[in-house]
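J.: Turn this into a structure:
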Amino acid sequence: MKKLSGKVTFKHGAVISNRMVQHKDKWGEANAFPMAVANAVFGVVKKYAFDNFIIGYRIGPEEINPDNVGYTWHETTKLIDKLTNKFDFDYIHLSLPDYKSKPKDSNKTFAELVRPVMGQDTKLIIVGNVMNQADAEDALNYTDLVTAGRAQIINASFSAKVVAGEDDKIIKKMSAQEEESQVLTPGLREVMDINTNRPNWGKKLKEVDCSKAIKVGEYFY
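T.: Numbers count the residues shown, from 1 in each chain. Here you go, the predicted structure:
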């Protein structure tokens, strides 16, 4: 399986957003780069991989920072339309903070906005705040497949318990004991906040030496 990921705001926005694309050459057209990457990947897969090799694309449907830099769901749906109707993607994975997240300018969820433009044979996967059986079942109203992140970290057998209808047995709160019983890696244990049930990546980011970052235009990489 190969997953193409376009989750990073600056890098992805810089190739699909009309506000951020600065190239004057062939890459100056929004979506030119991700379409070229997809074309190259499918070419390699066709040449070397087995017939049922899975290819997917992961993307945050909308990412705008306080400086109004990034891209909106309008640009994302145009890209997904092009990708899934030209290439045989097996799935599109929407990276969301909550599976029912909505943009400011629509009453529909991101999943409901994206699904109609997808190619007929492409499946939609969503993620975000799926913490129990009720969440997982409700999320299926918006998508084909549901993934769990934090819930699976807190309880390694989360998916199995949901399928078995054992919601009452799902561990919903992280604790020091659960961190050990789930055999979390030392790095993940360092950033896991048992009060919020979320990894606190800010703890690690504070240790990063940004003076070594490379500035390209107005952005740092």
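J.: Pull out the CA atoms of the longest helix along the chain and give them to me as CSV.
T.: Secondary structure of the chain per DSSP state H: the longest helix is helix 32-48. Below are the C-alpha coordinates for helix 32-48, written out as CSV (Å, rounded to 0.1, in the frame of the first residue of the first chain):
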residue,chain,number,x,y,z
ALA,A,32,0.0,20.7,-11.2
PHE,A,33,2.5,19.3,-8.6
PRO,A,34,0.2,16.8,-6.8
MET,A,35,-1.2,15.6,-10.1
ALA,A,36,2.3,15.0,-11.4
VAL,A,37,3.2,13.1,-8.2
ALA,A,38,0.1,11.0,-8.6
ASN,A,39,0.9,10.3,-12.2
ALA,A,40,4.5,9.2,-11.3
VAL,A,41,3.3,7.0,-8.4
PHE,A,42,0.7,5.2,-10.5
GLY,A,43,3.2,4.7,-13.3
VAL,A,44,5.6,3.0,-10.9
VAL,A,45,2.9,0.9,-9.4
LYS,A,46,1.6,-0.2,-12.8
LYS,A,47,5.1,-1.3,-13.8
TYR,A,48,6.3,-3.0,-10.6
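J.: in that helix, what counts as buried?
T.: Across helix 32-48, burial judged by 16 or more other C-beta atoms under 10 Å covers Ala32, Phe33, Pro34, Met35, Ala38, Val41, Phe42, Val45. C-beta coordinates here come from the backbone N, C-alpha and C atoms, glycine included.
J.: what's that helix packed up against?
T.: strand 2-6, helix 9-16, strand 55-59, helix 73-86 (3 or more C-beta pairs under 8 Å, 6 or more residues apart in numbering; DSSP states H and E).
J.: What average pLDDT does that helix get?
T.: What helix 32-48 shows for mean pLDDT is 92.
J.: Could you check the angle it makes with strand 55-59?
T.: 160 degrees (axes from the mean of the first three to the mean of the last three C-alpha atoms, to 10 degrees).
J.: For Phe33, see how far away Thr185 is.
T.: According to C-beta to C-beta, to the nearest Å, Thr185 and Phe33 sit 33 Å apart.
J.: Any idea how far apart the tips of stretch 101-114 sit?
T.: End-to-end distance for stretch 101-114: 12 Å, by C-alpha to C-alpha, to the nearest Å.
J.: what does that stretch contact?
T.: The contact list for stretch 101-114, computed with C-beta atoms under 8 Å, 6 or more residues apart in numbering, reads 61-62, 72-73, 76-77, 80, 92, 94, 96, 99-100, 124, 126, 128, 142-143.
J.: Mind checking which of those residues land in strands?
T.: Ile92, Leu94, Leu124, Ile126 (DSSP state E).
J.: Could you tell me the least trusted of the helices and strands packed on helix 32-48?
T.: helix 9-16 (a mean of 47).
J.: quick revisit: the contacts of stretch 101-114, buried ones only, as a ChimeraX selection?
T.: Buried members of these, defined by 16+ other C-beta under 10 Å, are picked up in ChimeraX with:
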select :61,62,72,73,76,77,80,92,94,96,99,100,124,126,128,142,143
